[in-house]
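> Fold the following and give me the result.
(chains A, B and C)
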Amino acid sequence: MLKLEKRPSPSVFWGRATPVLAVALTMMAGSLMFAALGKNPFEAIRTIFWDPLFGEFAWYLRGQLLVKAGPLILIAVGLSLGFRAGIWNIGAEGQYIMGAICGAAVGLAAYPTESWLIFPVMVLAGAFGGWVWAMIPAILKTRFNTNEILVSLMLVYVAETVLAMASTGFLRNPDGAGFPGSRNFSSYPAAANPELIAGTGLHWGGVAALGAVVAAYVLLQRHILGFQIKLAGQAPRAARFAGVSPKRLVVMCLGIAGALAGLAGMFEVTGPAGQISIDFNSNYGFTAIIVAFLGRLNPVGILFAGLLMALTYIGGEMASTNLGLPSAAIQAFQGMLLFFLLACDLLTNFRIVPARKEVR
Amino acid sequence: MFGGIDPALLIASLMVASVPILLAATGELVVEKAGVLNLGVEGMMIMGAVCGFITAVVTGSPALGFLGGAAGGAGLSLLFALLTQVMQANQVASGLALTLFGLGLSSLLGQGYVGIKPPHTGAVPFGPLADIPFFGRVIFGHDPLVYLSVLAVAAVWIFLRNARGGLILRAVGESHEAAHALGYKVRRIRVLAILFGGAMAGLGGAYISLVRVPQWTDGITAGAGWIALAIVVFASWRPWRVLLGAWLFGGITVLQLNLQAAGSGIPVEYLSMSPYLITILVLVIMSSGRGRAALNAPASLGQNFHAAR
Amino acid sequence: MNRRHLLATAALGLSLAFGGAASAQDKTKACFVYVGPIGDGGWTYQHHQGALAVQEAYGDKVEIAWQENVPEGADAERVLTQMALGGCDIIFTTSFGYMDPTNAVAKKFPNVKFEHATGFKRESPNVSTYNARFYEGRAVQGVIAGRMTKTNKIGYIGSFPIPEVIMGINSYYLHAKKVNPDVELTVVWAFTWFDPAKEADAAKAMIEQGVDVIASHTDSTAPLAEAAKAGGKVIGFGQASDMTEYKPSPRVSSIIDNWAPYYVKRVGALMDGTYEQQDAWEGIAGGEVQIGEITDAIPADVKAEAEKLRDDIAAGTYHPFTGPINKQDGSAWLAEGQTAPDGDLLGMGFYVEGIKGDIPK
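This is a model prediction of the structure:
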């Protein structure tokens, strides 16, 4: 028999090797599923993992990876701080929506003024919208002891209704013949968030995501707040003795996560999505929770996790269109990849050793 | 009559409307009491919905359908148990992955079952009792699962409070180190709790596809699993409060639709967000001013256990 | 690109080398972008039936490809670009929210045809739009509802307050009112495209308010199942698909979204070189809106009346929005004998006179 023995500290080698191992295992398990669905498994795997990076249209798709990964990374970095400190913000989706609505509202209110000031103000408004939405669970938690999981989650549904109101009501395009949806930002340059370098897919949201990764890394390594976050997560009692105010931490962590999610929404609505519409949100806020944990709550890890998730989305879409795979099969495949990634982490933290008879 | 709405009908409908979230939340409560946070409720529910639907259609028996639904939910939860209890994987991420996987797998399984009507689940025959004014309609007019959902809450309450197994389960959830030191099999108990949670979520899902809607379409649970998760938190991990929370949420959902139908004059968009806002409001009132006692979460919630020796 | 088109190109003396690159594929590739899963049994399912009909009609001369569950916005733009790069000759984008992405991508691929459902923007010559006059079907349902209701209360479950839904509500109400002046309409907004359990609750709430005929603008069978529980007192209609499993009652008729004739026609036009940009808005006459069988649960005279209305609309002798019609606030909309301009319908943001309640803002 084998048994697990906890490593004194996580293995650096396995920390790097497990993602590769997990992807390899997923390819094998996925092949079985694709074969069972009557598709050529090699072609499917190649389409998902290889083609977006090195295939015929990689020049276009590589940029799209950034477009898809940007908001995931931006939101996940914010969430990871709270998760480290044991603060459960499940409502990033709502904060993302509110950021988009606030950012867009400011831009649309200024329409059609042309000024370089508009976009920066919209950025602030976007961050503010997400921050405000996250402050509701933060204040309810610090003032009334209300659990933030419930409040943040419920506020997602409220935000979705506000989004429907915005796109059929107060932000509706006045020139849109009564149809739902706001003006498109691509036709309003002062408020738009275009591709910065043609063909790269990089827009301000991608820049912000990379900035957030660096900032979070510095925060966790060098700043007192980062230290407090880590301490509160690992040893809450010790943190209290060390003078860490739990309330302040709740407000800070939820606030940062909310502001970053709001930013992600604002960059998305002014750039790739282009407009506020009833179905503007597409689960980035929930997927980012997975990305945060997949990246082991580490900013650099989140960067890679976000890119990997984006790859499975884009490759999965291609497999679905080109090979006629149901999108449900892609969803199941993504689930499998996550299972293997999570399970293989075992090797990082544990050593598998032969079980010995215990000496009593 | 109250504003054109008959209270007996309203109560009767809210009891039916809240069955799926009540069943799933009761299961999740037991899981969390054992110290495990499984965010995959939505995935387990939809697996229950599709497995229950297929079983009922193939066998022609709703009863077997519900069993099939419970089995489907439990089957998927086994995967979660394997990941978190054997492979020591992170619970939050595993739960979310479970939801993703469950949504995909259910859609694959359900191909070919779209546009079929499942066998009918009838009401429990209470005979003349059903004709009592008010109470007949409120209490004696439902299908078996409505009663089962309330009985499940009672059973879980008694189990956690009085049964030896319940005490052990709570001990495991409060301090797995201490429970281990006392000689309890922490991981085995947790696996059993996870399976129970999966079966209950599956049952809730099957109720949607066999009674509430009744049909199979992709994504039929439409987020009910997330509400169930929220209800457990709302209840601060107490069984009867789960019932209260589920009925409150279900009740306001039904009430807001009734108010719309009765032409109340309250703007629809506010009615539409009211179930979420009122749930928050009630939780704020219940949890404020009670200090740390309100934070009733099991102390080991979400932490994996590995026996050092 | 297809063979005949290529010959025409060659005949015009244009570069054969240019055409040569495309001749590797002599099949016409038709691609479809769906907003939901094919297994939704409603909107997307019906579009996919249309796609399959294209394959059926042209056999191995066409190749079809599709992508389910494409969120509107950035994802749609990427999927469309991938499809255009991947050799699709014509791309059908089957949700209103794809309007801007469709037009944006179409500008970059002038040789690919784009067909956008339910929108109004055709910013480049390779973008066409198409829609179905579902309000014609609502008129037929209205007549049945007005004649069949015993409580004089009829209901409509709306998804979101958008013109398409408001148009349906108005048409349904006007025609019920025409045959039964005492009729009252109850509208319940679900504020979701898809939540079958909520639709069931909405139907139930209406039934408890005494509504006995329910039409719905959401695609699940949940309202019919609720109606069935009322023991024959409540009837309803199939929506998007026929929902035959609830025949003969409570499902007494249905509106079927039938995209097959349009898809077959457009792909055919592309293959034989007669394809032109257009704005198609067909209804019962074109076959896009099909009225499912009116069952025997309806008395023969009502059935005949409903069928006559259907046939009049199909023949073009009757328009469901023919004046005099006032808006809800009493102001005049259409004068005697005037029919509604398409523009008014497409952007409809008001109830007609007699409907109670407000449209959510």
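> Can you point out the buried residues in stretch A:106-117?
Across stretch A:106-117, burial judged by 16 or more other Cβ atoms under 10 Å in any protein chain shown covers A:V106, A:G107, A:L108, A:A110, A:Y111. (Glycine included, C-beta is placed from N, CA and C.)
> Now do the strands in the chain.
No chain was given, so I picked chain A. A:2-6, A:350-354 (DSSP state E).
> ah, I was thinking of chain C
Taking DSSP E as the criterion, chain C carries its strands at C:28-33, C:62-67, C:90-93, C:113-117, C:127-132, C:153-158, C:184-189, C:213-216, C:235-240, C:251-257, C:279-282, C:289-292, C:325-326, C:332-334.
> Which members of the buried residues of stretch A:106-117 define the maximum pairwise distance?
A:V106 and A:Y111 (10.2 Å; Cβ to Cβ).
> does C:D242 really touch C:I256, like I thought?
Yes: assessed by Cβ atoms under 8 Å, C:D242 is found in contact with C:I256 at 5.4 Å.
> Which neighbours do those two have in common?
Counting by Cβ atoms under 8 Å, 6 or more residues apart in numbering or on different chains, the common neighbours of C:D242 and C:I256 are C:G292.
> Spell out which parts of the stretch 251-360 of chain A neighbour chain C.
Residues of the stretch 251-360 of chain A found near chain C (Cβ under 8 Å from any Cβ of the partner chain) are A:268, A:271-275, A:277-280, A:282, A:314, A:317-318, A:320-322, A:324, A:326-328.
> Can I get the buried part of these as one PyMOL selection?
A single PyMOL command selects the buried members of these (16+ other Cβ under 10 Å):
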select buried, chain A and resi 268+271+272+273+274+275+277+278+279+280+282+314+317+318+320+321+322+326+327+328
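> Now go through the residues of the stretch 251-360 of chain A next to chain C and say which are in helices.
A:E268, A:I314, A:E317, A:M318, A:S320, A:T321, A:N322, A:S327, A:A328 (DSSP state H).
> Redo those as a markdown table? Include distance to C:G210 and pLDDT.
Output for those, formatted as a markdown table (distance: Cβ to Cβ, whole Å; pLDDT from 0 to 100):
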| residue | distance to C:G210 | pLDDT |
| --- | --- | --- |
| A:E268 | 46 | 94 |
| A:I314 | 52 | 93 |
| A:E317 | 48 | 91 |
| A:M318 | 53 | 91 |
| A:S320 | 47 | 91 |
| A:T321 | 49 | 90 |
| A:N322 | 54 | 90 |
| A:S327 | 42 | 91 |
| A:A328 | 41 | 93 |
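> buried residues in the lowest-mean-pLDDT helix or strand in chain B?
Lowest by mean pLDDT, DSSP states H and E among the helices and strands of chain B is helix B:135-139, with a mean of 82. Buried residues in helix B:135-139, counted by 16+ other Cβ under 10 Å: B:G136, B:R137, B:V138, B:I139.
> same question, stretch C:172-184
C:Y172, C:Y173, C:L174, C:H175, C:A176, C:K177, C:V179, C:N180, C:V183, C:E184.
> can you give me the helices in the stretch 51-200 of chain C?
C:74-85, C:99-108, C:134-148, C:163-179, C:196-208 (DSSP state H, counting those that start in this stretch).
> Show residues contacting the first one.
The set of residues that contact helix C:74-85 without belonging to it, under Cβ under 8 Å, 6+ apart, is A:56-57, A:60-61, A:64, A:67-68, A:268, A:271-274, A:282, A:314, A:317-318, A:321, C:31, C:33, C:65, C:67, C:70, C:91, C:93, C:97-98, C:101-102, C:104-105, C:108-109, C:112, C:114.
> rerun at 7 Å
A:57, A:60, A:64, A:67, A:268, A:272-273, A:282, A:317-318, A:321, C:31, C:33, C:67, C:70, C:91, C:93, C:98, C:101-102, C:104-105, C:109, C:112 (Cβ atoms under 7 Å, 6 or more residues apart in numbering or on different chains).
> same check, this time on the fourth one
When contacts are defined by Cβ under 7 Å, 6+ apart, helix C:163-179 is touched by residues A:178-179, C:118, C:134-135, C:138-139, C:141-143, C:145-147, C:154, C:156, C:158-159, C:183, C:185, C:187, C:215, C:217, C:320-321, C:325, C:345-349, C:351-352, C:354-355, C:359.
> Tally up the residues packed near B:Y207, please.
34 (other Cβ atoms under 10 Å in any protein chain shown).
> Could you report the separation of C:K361 from chain B?
Relative to chain B, C:K361 is positioned 7 Å away (Cβ to the nearest Cβ, to the nearest Å).
> what residues are up against that residue?
Taking Cβ under 7 Å, 6+ apart, one finds A:G169 in contact with C:K361.
> returning to that earlier point: would you turn the helices of the stretch 51-200 of chain C into TSV with distance to B:V86 and mean pLDDT?
As requested, the helices of the stretch 51-200 of chain C are exported to TSV (distance: least, Cβ to Cβ, whole Å; pLDDT from 0 to 100):
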stretch	distance to B:V86	mean pLDDT
helix C:74-85	36	91
helix C:99-108	45	93
helix C:134-148	53	96
helix C:163-179	50	95
helix C:196-208	35	92
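> mind giving me a markdown table with those and columns for distance to C:A260?
Below are these laid out as a markdown table (distance: least, Cβ to Cβ, whole Å):
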| stretch | distance to C:A260 |
| --- | --- |
| helix C:74-85 | 21 |
| helix C:99-108 | 21 |
| helix C:134-148 | 16 |
| helix C:163-179 | 21 |
| helix C:196-208 | 26 |
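> who wins for proximity to C:Y262 among the ones you listed?
helix C:134-148 (13.8 Å).
> And the least confident helix or strand of chain B, how far out from the chain middle?
Counting by Cα atoms, centre = their mean, to the nearest Å, helix B:135-139 is centred 23 Å from the centre of its parent chain.
> Can you tell me which of the buried residues of helix B:135-139 comes closest to chain A?
Nearest to chain A among the buried residues of helix B:135-139, counting by Cβ to the nearest Cβ, is B:V138 at 27.7 Å.
> Quickly note the distance from the closest one to chain C.
In terms of Cβ to the nearest Cβ, B:V138 sits 13 Å off from chain C.
> where's that residue relative to C:G87, distance?
B:V138 sits 62 Å away from C:G87, going by Cβ to Cβ, to the nearest Å.
> pLDDT weak spots in chain C?
Residue ranges of chain C with pLDDT under 70: C:1-25.
> For the stretch 151-300 of chain C, what lies in contact range of chain A?
C:F160, C:P161, C:I162, C:P163, C:F191 (Cβ under 7 Å from any Cβ of the partner chain).
> Farthest-apart pair in the residues you listed, please.
C:P163 and C:F191 (16.5 Å).
> Name the residue in the two with the higher neighbour count.
Neighbours per residue, other Cβ under 10 Å: of C:P163 and C:F191, the larger number sits with C:F191, 24 against 21.
> What is the burial count for the closest residue to that one other than its chain neighbours?
With sequence-adjacent residues excluded and distances taken as Cβ to Cβ, 6 or more residues apart in numbering or on different chains, C:F191 is closest to B:S272, at 4.3 Å. Taking other Cβ under 10 Å as the neighbour definition, B:S272 ends up with a count of 25.
> And B:P133, by the same measure?
B:P133 has 8 nearby residues by other Cβ under 10 Å.
> and it, which of the three is it?
coil (DSSP: H, G, I helix; E, B strand; the rest coil).
> That one and A:S186, how far apart?
63 Å.
> which element is B:V254 on?
helix B:239-262 (DSSP states H and E).
> Now do the buried residues in that helix.
B:239, B:241-262.
> The residue lying closest to A:L323 once chain neighbours are set aside: neighbouring residues, count only.
The shortest distance from A:L323 to any non-neighbouring residue, by Cβ to Cβ, 6+ apart, is to A:K39 (5.3 Å). By other Cβ under 10 Å, the residues close to A:K39 number 18.
> per-residue confidence at A:K39?
pLDDT recorded at A:K39 is 91.
> what are the ranges of the helices in the stretch 201-350 of chain A?
Using DSSP H, counting those that start in this stretch, helices in the stretch 201-350 of chain A cover A:204-222, A:224-234, A:236-241, A:246-270, A:284-294, A:299-323, A:327-344, A:346-349.
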